[in-house]
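Peer 1: Provided below are the primary sequence and the corresponding predicted coordinates.
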Amino acid sequence: MLPFLKILVRNIIKGPATEAFPFGETYTPKRLRGRAELDPSRCLTCGICSHVCAGGAIAMTESADGRGMEFRLWHNTCTFCGLCEHYCPANAITMTNDWHLSHEQSEKYTCCEVQFVEYPVCEKCGERMLPRLHQRLSKGLVGSVSTAEIMRICPDCRRLTSAMHQIKSKVSLTAGRSNS
Ligand code: SF4
Ligand code: SF4
């Protein structure tokens, strides 16, 4: 058999040596930095991601009714640097390895990750408050007032609860002294 025929037969049996893409999927490394994604249930609306963003790709805008914040990340502008994920204190942003972001030029302002982060409601007064930041800051700082309760109330109600707790303990201490 002619040498080129041997090669031809061998290659036909072996199949294609190149990637099937774009007609099939191609290999994607696990740690590839692709589309950034937000988990709104974790976001603290602190804005650090927007502050450190190398591409100026993230905007956070409070809704007119004060119910929460809109998070918008323009994939078109993102440089995939990963700074937002690195600096996010709540692990709310993840760089996925999804790189399927090609789009028409006309879609450059709409090819976005858009999420609404709703502020939680204070269980005592019903006011909206910043999500969960207070939970972290208040841990272990308020004596015997339950941390679980602290997590569900706004800073004003927290101060009031803490003050009431202090007053109650002082009153019971004074009562104890005058009885003895
Ligand atoms: S995603 Fe992270 S850094 Fe950005 S606002 Fe939310 S908590 Fe802050
Ligand atoms: S990966 Fe970099 S450029 Fe893209 S949104 Fe995050 S900080 Fe901005």
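Peer 2: Thanks, I have the structure now. Residues are numbered from 1 along each chain as shown. Ligands and ions are numbered 1, 2, ... in the order given.
Peer 1: So in the chain, where's the weakest helix or strand by average pLDDT?
Peer 2: helix 133-138 (a mean of 53; mean pLDDT, DSSP states H and E).
Peer 1: Close to ligand 1: what parts of the protein are there?
Peer 2: Residues of the chain lying close to ligand 1 by C-beta under 6 Å from any ligand atom are 38, 43-49, 88-90, 92-93. Just so you know, the C-beta spots here come from the backbone N, C-alpha and C atoms, and that holds for glycine as well.
Peer 1: now do 5 Å
Peer 2: Within the chain, the residues that sit near ligand 1 (C-beta under 5 Å from any ligand atom) are Cys43, Leu44, Cys46, Ile48, Cys49, Cys88, Ala90, Ala92, Ile93.
Peer 1: and of those residues, the nearest to Leu2?
Peer 2: Distances from Leu2 to the residues of the chain next to ligand 1, taken as C-beta to C-beta, are shortest for Ile93 (59.4 Å).
Peer 1: give the contact list for that closest one.
Peer 2: Counting by C-beta atoms under 8 Å, 6 or more residues apart in numbering, Ile93 touches Ala36, Glu37, Leu38, Asp39, Cys49, Cys84, Glu85.
Peer 1: in the longest helix that the chain contains, what counts as buried?
Peer 2: Longest among the helix segments of the chain by residue count, using DSSP state H, is helix 155-179. Within helix 155-179, the residues that count as buried by 16 or more other C-beta atoms under 10 Å are Cys157, Arg158, Thr161, Ser162.
Peer 1: and if you look at stretch 81-98?
Peer 2: Of the residues in stretch 81-98, those scored as buried under the neighbour-count criterion (16+ other C-beta under 10 Å) are Cys81, Leu83, Cys84, Glu85, Cys88, Ala90, Ala92, Ile93, Thr94, Met95.
Peer 1: packing partners for the longest helix of the chain?
Peer 2: Packing contacts for helix 155-179, counted by 3 or more C-beta pairs under 8 Å, 6 or more residues apart in numbering; DSSP states H and E, involve helix 133-138, helix 147-151.
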